[in-house]
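Enquirer: A structural model of the following input is requested.
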Amino acid sequence: MPALIRVGHKGADALAPGNTLASFDAAIAVGVEMIEFDVLPARRGGALYVAHDFGALDRANPLLLEDALAHMSTPAYDGVRLQLDIKRPGAEPAVAAALRRSGTLSRAFVSTAVASVLARFRELEPGLPLGWTVPDLPGVLLTPPGAKRRYRRLLPRRAAARIAGGAIDALVAHWSVVTAELVEAVAGAGGEIYAWTVDDRAQIQRLAALGVTGVITNDPRLFG
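Expert: Down below sits the predicted model:
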């Protein structure tokens, strides 16, 4: 079985404030193979920030995507994949251009729950790996158990169809919807599967045993 890909959520949010250069450096120090971070366009103008939501832009001095990519173009980050989680549609051309300018396009992996964003990136950069973030329906994780079970039952077929059809290359799934059937369906269609956000060592081990491609965590020390 291939080695589990260790992914730091917002860098290493448990070790330093997430979506910052310090958090990215902390993740590298622990030995991750991939860093996940959020990308959000400004309310007005063309600026792109590393931020989860507009509240984050208001509360702090947010990191510009351009500065983040420049930092992750240094030798310390050689070979480390970059997972850009796109929060809003409309910035796809600017994000693709930033990746090209920084020389990080070959290491980039875009994920989002927004179908139109995935389609636009496929047009702009056909070779860029794309991940579909699920659950894609609002509130699924808070629904009664029966509704959640129905979602889990239908997800393997939906994911496999999208991978086989070329719309996506990977599934980025909340750990609670990851089942053996889902892992098998994604692998059978030729895709990858990443589980988010897992901050429990036993849960990481369970997911690794199922055969997921990678696990996203706030605390990469849990992989040790």
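Enquirer: pLDDT below threshold where in the chain?
Expert: When the per-residue scores of the chain are filtered using pLDDT under 70, the ranges that remain are 1-2.
Enquirer: so what's the backbone phi/psi at the residue of it most remote from its centre?
Expert: Computed with Cα atoms, centre = their mean, the residue of the chain farthest from its C-alpha average is Gly146, at 27.3 Å. Main-chain torsions, Gly146, degrees, to the nearest 10: phi -60, psi -40.
Enquirer: please apply the same query to Leu171.
Expert: Here Leu171 shows phi and psi, under degrees, to the nearest 10, equal to phi -110, psi 130.
Enquirer: ok, now which ones touch it?
Expert: Applying Cβ atoms under 8 Å, 6 or more residues apart in numbering to Leu171 gives the contacts Gly131, Trp132, Val134, Ala159, Ile163, Leu182, Val186, Gly191, Glu192, Ile193, Tyr194. Heads up, the C-betas are built off the backbone N, CA and C, glycines and all.
Enquirer: which strand residues bridge it?
Expert: The bridge-partner assignment for Leu171, based on DSSP bridges, gives Trp132, Ile193.
Enquirer: all further residue positions should be reported with the first residue as 687.
Expert: Sounds good: first residue 687 from here, last item Leu857.
Enquirer: ok, now how distant is it from Ala833?
Expert: Plainly put, Leu857 is 20 Å away from Ala833 if you go by Cβ to Cβ, to the nearest Å.
Enquirer: what are the boundaries of the helices in the protein?
Expert: Counting by DSSP state H, one finds helices in the chain at the ranges 707-716, 740-745, 751-757, 778-788, 801-810, 831-850, 866-874, 887-896.
Enquirer: list the buried residues in the last one.
Expert: Residues of helix 887-896 classed as buried by neighbour count (16 or more other Cβ atoms under 10 Å): Gln889, Ile890, Leu893, Ala894, Leu896.
Enquirer: and it, what does it pack onto?
Expert: Contacts defined by 3 or more Cβ pairs under 8 Å, 6 or more residues apart in numbering; DSSP states H and E place helix 887-896 against strand 900-903.
Enquirer: phi and psi next, for Gly877.
Expert: Dihedral angles of Gly877 (phi, psi; degrees, to the nearest 10) stand at phi -110, psi 180.
Enquirer: direction included, what does the top strand by length along the chain pair against?
Expert: As far as residue count goes, and with DSSP state E defining each element, the longest strand of the chain is strand 720-727. Each strand paired with strand 720-727, and its direction, by DSSP bridges: strand 691-695 (parallel), strand 734-736 (antiparallel), strand 767-772 (parallel).
Enquirer: between that strand and helix 707-716, what angle do the directions make?
Expert: Taking axes from the mean of the first three to the mean of the last three Cα atoms, to 10 degrees, strand 720-727 and helix 707-716 form an angle of 160 degrees between their directions.
Enquirer: between strand 720-727 and helix 778-788, how big is the angle?
Expert: For strand 720-727 against helix 778-788, the angle by the same axes, to 10 degrees is 130 degrees.
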